[in-house]
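[1] 3D, please:
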Amino acid sequence: VVNNASEWLSGTLFWPIWLRLAGMKIGRGCEISTIIDIVPELISIGETTFFADGIYLGGPRIQKGTVTVSTTSLGSNTFLGNHAVILAGHHLPSDILLGVCTVSDDKIIREGSSWFGQPPFELPKREIVECDRSLTHEPSFIRYWNRVFWEALRFALPAVYVVALAIWYEGANRLEPQMSPTAFVLLGMPLLNLAMPVFLCLFVLLLKWFLLGKVKPGIHPLWSCWCSRWDFLFVAWGVLGYASLSVLQGTVFLIWYLRAMGMKIGKGVVMGEGFAQVVDPDMLHFEDGSTVTCQFQAHTFEDRVLKIDHVIIGPRSNVGHTAVLLYGADIGEGAYVVPHSVVMKKEHLLPGRKYAGSPTRPV
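    Have a look, this model is predicted:
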């Protein structure tokens, strides 16, 4: 039930309301995206906390035939990066930051500190982008309702399927009298069925260029209209285009579509799964002969400001399965990044070298 609700509500103003009704204790001003393994009644979250995507939050521990559940709490003004893991039973202080793929350790994490890696180590200094609080925490009336509009518009997306179905039905009514029964079954119906996913994918493509145009590196505060449109596009891509495009994974047709969405893909690039839906296509550059099976974090939302930049994978380089590349990462020609590694923001990996770890180190 939590997973199904998350598909439609995660990241919206409606999501904390739903989670409170499910039993979770959530302070005011929290921003929560997708969460995994959660038992809502056992979670307590302080005010103005921010969750990025895919947070493993206090999941039950299953060992030796026993399931153990524990209360888990987070202090106020906490930031959790993508795929951070908060272990059940941990109680973390306020004003902390856990970076991408970091596992919590409440024995060493103290108030006001920032942590990253496996095992986690303290970051001595991190870049902080300051914006007016009206753009990050205390929106004006117009900005608040602008966001509500774009988030509520998610629920109108199924109407596009209704339009597509009406077009299909009208096409069938027009074609059937003009073709023999055999031709209609063997040719007319397959073409009509193909037209449905083509229509949906083209609709997403038009949405991208209409709502965002060509995206450039930069920063965008949480309550800006740009962020609301950016988020809506990602949801629309998932709802309308993902199912059709996932069938095309591993084919040249998906590469053509991604290029049309803004990705730069060279010749002879091998792409693994996960490209049926891409968050920041304009930021991804795959050069000739590269092999790409990783995950991308071409943006971050620390300090409630979206920071976005290019990710470049050089010629004939290989980035392993589920490795995470943060924005500004540049993989040198012929380099190899071991699976499950994390390449830091604006980090340049040397050509021809092998890297592993979170964060990556030469091996």
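
[2] in this protein, which spans are helices?
    Using DSSP state H, the helices of the chain run over 2-9, 14-21, 133-136, 141-152, 158-175, 181-183, 189-211, 225-236, 242-247, 252-261.

[3] Let me know how buried Asn3 is, in neighbour terms.
    By the measure other Cβ atoms under 10 Å, the count of residues near Asn3 is 11. C-betas here are computed from N, CA, C, even on glycine.

[4] give the contact list for it.
    By Cβ atoms under 8 Å, 6 or more residues apart in numbering, the contact set of Asn3 is empty.

[5] And the pLDDT for it?
    Note on Asn3: pLDDT of 83.

[6] returning to that earlier point: among the helices of the chain, which is nearest Arg304?
    For Arg304, the closest of those is helix 133-136, at 4.0 Å, according to Cβ to Cβ.

[7] Low-confidence stretches in the stretch 251-363 of the chain?
    Within the stretch 251-363 of the chain, not a single segment meets pLDDT under 70.

[8] switch to 90 and redo it
    Scanning the stretch 251-363 of the chain with the threshold set as pLDDT under 90 gives 273-274, 302-303, 322, 358-359.

[9] Repeat that for the stretch 51-200 of the chain.
    In the stretch 51-200 of the chain (pLDDT under 90), the answer is 61, 101, 117-120, 123-133, 167, 171, 174-179, 184, 188.

[10] Residue most distant from the centroid, the chain?
    Ser180 (47.7 Å; Cα atoms, centre = their mean).

[11] what about that residue, distance to Val69?
    For Ser180, the distance to Val69 (Cβ to Cβ, to the nearest Å) stands at 64 Å.

[12] Glu347 now?
    38 Å.

[13] for Pro190, same thing?
    Applying Cβ to Cβ to Pro190 and Val69 gives a distance of 51 Å.

[14] quick one: which of those two has more around it?
    Taking other Cβ under 10 Å, Pro190 and Val69 do not tie; Val69 has more neighbours (14 against 10).

[15] which residues does that one contact?
    Val69 touches Val39, Leu42, Pro60, Arg61, Ala88, counting by Cβ under 8 Å, 6+ apart.

[16] If we use 10 Å, what do you get?
    Contact analysis of Val69 by Cβ atoms under 10 Å, 6 or more residues apart in numbering lists Val39, Glu41, Leu42, Gly58, Gly59, Pro60, Arg61, Ala88, Gly89.
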